[in-house]
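[1] Sequence first, predicted model second:
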Amino acid sequence: MYTVKEFSGQKIVIGDDNGPLLASERDVNDWISAAWDAEAQLVVVPTSRLSEEFFRLSTRIAGAIIQKFVNYRSQLVIVGDISGWIAASNALRDFVYESNRGREVWFLPDLDALAERLQQSARS
């Protein structure tokens, strides 16, 4: 279901590409539990584990899921290609841009981009 790795001195829970979808606020509990068990503050969710509704901001699913991660002080990183969804929604494009400027939620293309981002954060 997930693996634990260390990037730039941080333990990270990385969800497998296959498995149950993170489709609702209830589903966050399994991810948070995995992070606590691993003593990790960062959770990586591949786009393959997210429902299409997550990327339609009007459903409010993304907001509910992200808020629960924030409430439990777990940083959320969505990893994978979301270019199709961004091309179809200016609101999502703006949301991703603003999220990537902060610390709670990042949308990144792959784990290499995550490693680079964490190295940059460690330097500043």
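    The structure has been received and is ready for your questions.

[2] drop to CA atoms for contacts and neighbour counts, all remaining ones
    OK.

[3] any idea how far Tyr97 is from the residue nearest the centre of the chain?
    Residue closest to the average C-alpha location in the chain (C-alpha atoms, centre = their mean): Val77, at 2.6 Å. As judged by C-alpha to C-alpha, to the nearest Å, Val77 and Tyr97 stand 13 Å apart.

[4] Convert the C-alpha atoms of the helix or strand encompassing Ser99 to PDB, please.
    Assigned by DSSP states H and E, Ser99 belongs to helix 90-101. Output in PDB follows, covering the C-alpha atoms of helix 90-101 (Å, rounded to 0.1, in the frame of the first residue of the first chain):
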ATOM      1  CA  ASN A  90      -8.100  27.700 -15.000                       C
ATOM      2  CA  ALA A  91      -9.200  27.400 -11.300                       C
ATOM      3  CA  LEU A  92      -7.200  24.200 -10.900                       C
ATOM      4  CA  ARG A  93      -4.200  25.700 -12.600                       C
ATOM      5  CA  ASP A  94      -4.400  28.700 -10.200                       C
ATOM      6  CA  PHE A  95      -4.900  26.400  -7.200                       C
ATOM      7  CA  VAL A  96      -1.900  24.300  -8.100                       C
ATOM      8  CA  TYR A  97       0.300  27.400  -8.600                       C
ATOM      9  CA  GLU A  98      -0.700  28.800  -5.200                       C
ATOM     10  CA  SER A  99      -0.300  25.500  -3.400                       C
ATOM     11  CA  ASN A 100       3.200  25.000  -4.800                       C
ATOM     12  CA  ARG A 101       4.200  28.400  -3.400                       C
END
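
[5] Which elements pack onto that helix?
    helix 83-88, strand 105-108 (3 or more C-alpha pairs under 8 Å, 6 or more residues apart in numbering; DSSP states H and E).
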